[in-house]
Structure formats: structure tokens, C-alpha cells
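> predicted model, plus sequence, below.
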Amino acid sequence: ELKVEQNPLFLSMQEGKNYTIYCNYSTTSDRLYWYRQDPGKSLESLFVLLSNGAVKQEGRLMASLDTKARLSTLHITAAVHDLSATYFCAVADDKIIFGKGTRLHILP
Amino acid sequence: DAGVIQSPRHEVTEMGQEVTLRCKPISGHDYLFWYRQTMMRGLELLIYFNNNVPIDDSGMPEDRFSAKMPNASFSTLKIQPSEPRDSAVYFCASSDYRETSTEAFFGQGTRLTVV
């Protein structure tokens, strides 16, 4: 059974700091997704990672995938308040399973 | 395309009543997923369809829940009878991820409150 674990589940950080969210999954897969969800809103896709070693960057966010370690990371560089949200990773095999999400609160 | 369309956006119902949630996927997508989101349990996959056929309904919590996809452009999730613990946000998502390696696209969700 595919399981997806994120950590940390909650993160409060100061603006300007760097941090990393980790996503571990239990089965082989070469499709991993990162989503963002703002309070009361739907999920918005951030990144699609399709192969071992894939790295994608958008603004202050960078995601990477290590399929051998079954690990993906979402790195936040010089955080700003606008990045406060909940971030989910999701893994696809025959279905798409989500982690529990990381609630990120960036303090001004 | 207008994206994944769900209706209603909000539903308040009394315990014991039947509730039907509706979803129109993105045209051309062959996968449709129903998820339930709560604070305690996160985002749970309830059921998914491929080419209108239910593939895995192991996430459906009880027999009170049922889902159908009569054609490629419409799906329903029904709860009968509803209970207060069914209160949650229900999301529908669609994708053609196996063909195009893209992600699943989510609707705006239906916020269900059972009183």
C-alpha cells in the first residue's frame, strides 16, 4: 500500500530564513507532485517531478526528487509572508495519494 | 476549459438526509478522483475512476457512500443517510496523468455540513 509521509506537519518561521519540507513515500514511483493550499481554497499545483534527480524551481521554492531514496524535498529560500500556506506532496502509482500536508506560517 | 467544476459549493443538511455532490471533470481527462479533507484525517482518497469505470473504492468509508460516473463528463458522490461525522470538504480532481505526465487538477470543493 502506498503511503506518503511529510514532515514537519507544522512550521513557523521568520521571514528571510531558509527551510526544507520532506516527503517520504513507500513504493517505487516516478511521479511526484507538490501542491499549495491557501485557507478555504482548493489545491493548486506547484511542481511535477517525473524522474530521479529532477529539480524544479519557481521563485523562492525549489523541489527535488530522489527516487532511489523515495524522497522529495521542497526548499524555501528567504521566506516571505506570502508563502504562508499548506503544502502537500502527492505520489502517483495507480492512484494519487497525498501526504498530510505541512502548514507553513511565516512570521513578518 | 473551465477546469474541474463541482456543485454545490456549500451544502448544509440534516442528519439522515441524502446528499449528492456533483463533479464535471476537465474534458479529455480519463481519471477522476474523489477526495475528502478534514483537519483530523487530512486529504483522503475515497474512490477513483478510469474511463468512467470505478477502479478502487477502498477509501469509501461506509456503505452509506456511493459514487457513479455515468459518462466522461459527469460524476456524483452520494451519502445516504448522512451523519454529522461526514462533515468535511469534498474535492473532485481529474487528470490524464498516465498519458501526459501532468498532475491532477482540483475543483473548488464542496463544503458539507451535516447537523
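Looks like it came in fine. Numbering: from 1, shown residues only, chains lettered A, B, ... in the order given.
> show the end-to-end separation of stretch A:93-102, please.
Start to finish, the residues bounding stretch A:93-102 are 22 Å apart (C-alpha to C-alpha, to the nearest Å).
> where does chain B come near chain A, residue by residue?
Applying C-beta under 8 Å from any C-beta of the partner chain, we find that chain B lies next to chain A at B:33, B:35, B:42-43, B:45, B:48, B:55-56, B:91, B:93, B:95, B:97, B:101-109. To be clear about C-beta, it is placed using only N, CA and C from the backbone, and glycine gets the same treatment.
> OK, contacts around the residue nearest the centre of chain B?
Residue closest to the mean C-alpha point of chain B, counted by C-alpha atoms, centre = their mean, is B:Trp34 at 3.1 Å. Residues near B:Trp34 by C-beta atoms under 8 Å, 6 or more residues apart in numbering or on different chains: B:Cys23, B:Leu45, B:Leu46, B:Ile47, B:Tyr48, B:Ala67, B:Ser75, B:Leu77, B:Tyr90, B:Phe91, B:Cys92.
> you'd agree the last one is in a strand?
Spelled out, that is B:Cys92. Yes. Per DSSP: H, G, I helix; E, B strand; the rest coil, B:Cys92 lies within a strand segment.
> wait, doesn't it sit right on B:Pro25?
Yes. Assessed by C-beta atoms under 8 Å, B:Cys92 is found in contact with B:Pro25 at 7.2 Å.
> which neighbours do these two share?
B:Val4, B:Leu32, B:Ser75.
> out of those, who's the most crowded?
Neighbour counts for the shared contacts of B:Cys92 and B:Pro25 (other C-beta atoms under 10 Å in any protein chain shown) peak at B:Leu32, which has 28 neighbours.
> from the chain's centroid, how far away is whichever strand or helix holds it?
Assigned by DSSP states H and E, B:Leu32 falls within strand B:31-38. How far strand B:31-38 lies from its chain's middle: 5 Å, per C-alpha atoms, centre = their mean, to the nearest Å.
> give me the sheet partners of the helix or strand that that strand is followed by and which way each runs.
Using DSSP H and E, the helix or strand that follows strand B:31-38 in sequence is strand B:42-50. Applying DSSP bridges, strand B:42-50 is found paired with strand B:31-38 (antiparallel), strand B:53-56 (antiparallel).
> and strand B:42-50, what's buried?
Neighbour-count burial for strand B:42-50, counted by 16 or more other C-beta atoms under 10 Å in any protein chain shown, picks out B:Gly42, B:Leu43, B:Glu44, B:Leu45, B:Leu46, B:Ile47, B:Tyr48, B:Phe49.
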